[in-house]
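In: could you look at this predicted model? Sequence included:
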Amino acid sequence: MRPLGGFLLRCLRISASGERCSGWSLWLLSGNPALTGALRMKARRKVPVSNSGLDCRRLYYWIR
């Protein structure tokens, strides 16, 4: 599995070259709402998860 930064950078390079990055999907586990808000993407699904006592969310993003 590739890190999120590499995934997003690849999408940006593809978009800049005129190609599309559509049809990709991403599941992200996060316990920091401010950090996921900085992505400026709307999650299609949000699943509450407890990870070692921390309240987290599994977020599903569909890249169009």
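Out: Great, that's in hand. Numbers count the residues shown, from 1 in each chain.
In: shaky segments in this protein?
Out: Flagging of the chain using pLDDT under 70 yields the residue ranges 1-5, 7-9, 11-21.
In: quick one: the helices in it?
Out: Using DSSP state H, the helices of the chain run over 4-16, 33-37.
In: mind listing what's buried in the shortest one?
Out: Pointing back at helix 33-37 there. Judged by neighbour count (16 or more other C-beta atoms under 10 Å), helix 33-37 contains these buried residues: Thr36. All C-beta spots, glycine's among them, are computed from the backbone N, C-alpha and C.
In: what's in contact with that helix?
Out: Contact with helix 33-37 is made by Leu28, Ser30, Ala43, Arg57, Leu59, as judged by C-beta atoms under 8 Å, 6 or more residues apart in numbering.
In: quick check: the farthest pair among the residues you listed?
Out: Farthest pair in the contacts of helix 33-37 (C-beta to C-beta) is Ser30 and Ala43. Separation: 9.7 Å.
In: list residues touching both of those two?
Out: In terms of C-beta under 8 Å, 6+ apart, Ser30 and Ala43 are both contacted by the residues Thr36, Arg57, Leu59.
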